[in-house]
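Participant: Return atomic coordinates for the entry below.
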Amino acid sequence: MTLLPASVPLMKSQTWGRWDRETALVAQFAACVSFISFAFYFQHGDLLLYGDAVAHMNIARRLFDSRTPGLLQLGTVWLPLPHLLMLPFLIFDAAWQSGIGGSIPSMIAYALGTAGIFRLVRGALTVDSHPDAAARIAAWQSAIIYAANPNLIYLQATAMTESLYLALFIWAVVYFSEFVRLMEGGRLARPVEPGREDLKTTTKERSPEIASSSLVKCGLCLAAACLTRYDGWFLAAATGVAALAVVLKAKAVDRNLRRSLVKFVLLAAAAPALWLAYNAIVYRNPLEFANGQYSARAIEQKSTATTHPGSHNLPVAFSYFLKSAELNMAAGGLQKLWVALLLLGIGTVLIFNRRLSPLLLLGIPIPFYMLSIAYSGVPLYVPTWWPFSFYNVRYGIQLRPFFSAMAGVTICLLFRLAPNKSLKITVASAAAILIFVSYASVWRQPVSFQEAWVNSRSRIAFETELASNLKKLPHDSSLLMYLGDHVGALQRAGIPLRRTINEGNHRPWKAPTDREGLWERALANPSQYVDYVIAMQGDPVDTSVQKQGMSSVLVIRTAGQAPATIYWTHRAAR
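Facilitator: The predicted model follows:
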């Protein structure tokens, strides 16, 4: 038994470049949801809850708003593409202070990701040149499962990188899936307009050319994904192995396809190679992002807390990651129902139709996060298991495309197995009800929103208090401040970053110290370079700055945060 009859050419699906009206309609609906949700969270002041979102925007901002502007302000731990995409929207101070500038790329990516899921599922399940009712219903419900998720809806309204990466991830799988179908089917047929039957033959003859184009587009998406999150590196390696296996399995490989395979490999490898080279040249360590002083591993080693669950334990790491995915999907017993649908979809692919196997690439986050949690110092805490807190729970959103696609495969299977129209309607209705009930159970308090809200309370209170006092300083005064922890205070106060001397004004290739750098010179003699010093207990300014000759102006204390002291350097009497 198969989902797709063997007698029907698998490649009769819509895989040409331009979007059809139905895919465009999906993207338009998603754009409406994106804008409405953004307006809601903006009105409630929730765009800047995640400290990482604030940090992403200020990394992009300091590319031009700095004493030492330029690409070196990108830093090392976070990959550069999200910051480069935010850059044009953060030029305006209002878009920077409000967080709007960081949200725009995420919102666009959300709409594109939704359209990608629709195209992926519909194309994979289509058995003729026109998708049947089963394929279309499954594709629509997969798109709804993806786009209507309350956790993703919140994340796409912020400057977090999840929405952008998911869109690139999905489209990489879309193009790879189309490449595989073209290679295995040997021809491509698309819907022929009345009176234009001549186009059908032409399109079939161009199947190898279109396959090559799909592979190169996949490589472009992988390159962008590799410059967005490190998940993309793992995805690129897995997809590269799969593409090579498909080409080796093919009976005939022409010169054009070989060239496209080379382009694909170069594109997929170029982004990681570029980032390694950047780290090697600038930081004298190609793995600075992985083992440097700001890496996740270094932060874990500095922490005095108990070893996080899953550390050096792959089964526990898997269970915590899967639990975070369940929490991002639904509440209570509904979580296990979604896992069952996921397993049923995987079983359908492996048992009934292995030609759908490219969809299994959507499960790549599982081994990646298992390894990251177990061996790369990446903690993940969920509120329902010890230590009963929120930390990186949002990582579970990375399985959203996998849940969406496998649910679509299952729905399609059940729809085609249903012997009559009444049962078909029952299948489609049951799926819609499950989606509604599941998301209604988490709509008021999406776990990714809870994570942001719980972990931001003390930080926002501190930064708001600090910002209100910084506003009182002379508008032309200069500041010495470590921005790694509380750059949000400057953002809230509307103080340009170029008014500060911070750790970004350092030549990293002189690490660990740059005695002639602006940052080190200001720490050694602040009265020569700045008017005020903001030192937070335990930060580099507090531990390194020479405080002789400075006057303490104010000490700011809020619950849950280290106190901050504002010093006057007497650089000029004001």
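Participant: now the strands for the chain?
Facilitator: Using DSSP state E, the strands of the chain run over residues 479-481, 500-501, 532-536, 551-556, 564-568.
Participant: Columns distance to residue 251, mean neighbour count and mean pLDDT on top of those strands, output as a markdown table?
Facilitator: (C-beta placed from N, C-alpha, C; glycine too.) Putting those into a markdown table (distance: least, Cβ to Cβ, whole Å; neighbours: other Cβ atoms under 10 Å; pLDDT from 0 to 100) gives the following:
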| stretch | distance to residue 251 | mean neighbour count | mean pLDDT |
| --- | --- | --- | --- |
| strand 479-481 | 64 | 25 | 97 |
| strand 500-501 | 63 | 26 | 97 |
| strand 532-536 | 66 | 25 | 97 |
| strand 551-556 | 72 | 13 | 95 |
| strand 564-568 | 69 | 22 | 97 |
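Participant: right, so of those, which gets closest to residue 291?
Facilitator: Put simply, out of the strands of the chain the one that sits nearest residue 291 is strand 532-536, at 25.5 Å, with distance taken as Cβ to Cβ.
Participant: Find the least confident helix or strand in this protein, judged by mean pLDDT.
Facilitator: Across the helices and strands of the chain, mean confidence by mean pLDDT, DSSP states H and E is lowest for helix 198-205: a mean of 48.
Participant: Output the strands of the chain in JSON lines, with distance to residue 161 appended to each entry.
Facilitator: Putting these into JSON lines (distance: least, Cβ to Cβ, whole Å) gives the following:
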{"stretch": "strand 479-481", "distance to residue 161": "25"}
{"stretch": "strand 500-501", "distance to residue 161": "25"}
{"stretch": "strand 532-536", "distance to residue 161": "26"}
{"stretch": "strand 551-556", "distance to residue 161": "31"}
{"stretch": "strand 564-568", "distance to residue 161": "29"}
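Participant: which one of those lies closest to residue 50?
Facilitator: Of all the strands of the chain, strand 532-536 sits nearest to residue 50, with 20.0 Å by Cβ to Cβ.
Participant: between that closest one and strand 564-568, how big is the angle?
Facilitator: Direction vectors for strand 532-536 and strand 564-568, defined by axes from the mean of the first three to the mean of the last three Cα atoms, to 10 degrees, enclose an angle of 160 degrees.
Participant: Show me what strand 532-536 is packed against.
Facilitator: strand 479-481, helix 540-544, strand 564-568 (3 or more Cβ pairs under 8 Å, 6 or more residues apart in numbering; DSSP states H and E).
Participant: which residues are contacting the first one?
Facilitator: When you say that, I think you mean strand 479-481. Counting contacts by Cβ atoms under 8 Å, 6 or more residues apart in numbering, the residues outside strand 479-481 that touch it are 470, 473, 490, 495, 499-502, 522-523, 526, 529-534, 541, 545.
Participant: how does it look with 6 Å?
Facilitator: When contacts are defined by Cβ atoms under 6 Å, 6 or more residues apart in numbering, strand 479-481 is touched by residues 500, 501, 502, 522, 526, 530, 532, 533, 534.
Participant: Same list (these) but as TSV, adding distance to residue 512.
Facilitator: Rendered in TSV, the data for those read as follows (distance: Cβ to Cβ, whole Å):
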residue	distance to residue 512
500	22
501	18
502	17
522	17
526	20
530	23
532	27
533	22
534	23
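Participant: And those, which is closest to residue 231?
Facilitator: Using Cβ to Cβ, residue 502 is the member of those that sits closest to residue 231, with 29.3 Å.
Participant: Hmm, residue 486 and the closest one touching each other?
Facilitator: No: the pair formed by residue 502 and residue 486 falls short of the contact definition of Cβ atoms under 6 Å, at 11.1 Å.
Participant: where does the protein have low pLDDT?
Facilitator: Along the chain, the model assigns pLDDT under 70 to residues 1-18, 129, 185-206, 302-306, 572-574.
Participant: Find the residue closest to the residue most central in space within it in space, skipping its chain neighbours.
Facilitator: When the chain is reduced to its mean C-alpha position, the nearest residue by Cα atoms, centre = their mean turns out to be residue 162, at 2.2 Å. In space, residue 162 comes closest to residue 155 once its chain neighbours are excluded; the distance is 4.9 Å by Cβ to Cβ, 6 or more residues apart in numbering.
Participant: now do residue 57
Facilitator: By the measure of Cβ to Cβ, 6+ apart, the closest residue to residue 57 outside its immediate chain neighbours is residue 102, 4.2 Å from it.
Participant: Return the residues in contact with the one you found.
Facilitator: With the criterion set at Cβ under 6 Å, 6+ apart, residue 102 makes contact with 57, 86, 159.
Participant: ok, residue 387 - how many residues close by?
Facilitator: For residue 387, the neighbour count with other Cβ atoms under 10 Å is 13.
Participant: For it, which residues are in contact?
Facilitator: Listed by Cβ under 6 Å, 6+ apart, the contact partners of residue 387 are residue 381.
Participant: Could you pull up phi and psi at it?
Facilitator: phi -90, psi 20 (degrees, to the nearest 10).
Participant: Pretty sure residue 122 sits against residue 131.
Facilitator: Yes: contact criterion Cβ under 6 Å: residue 122 and residue 131 qualify, at 5.3 Å.
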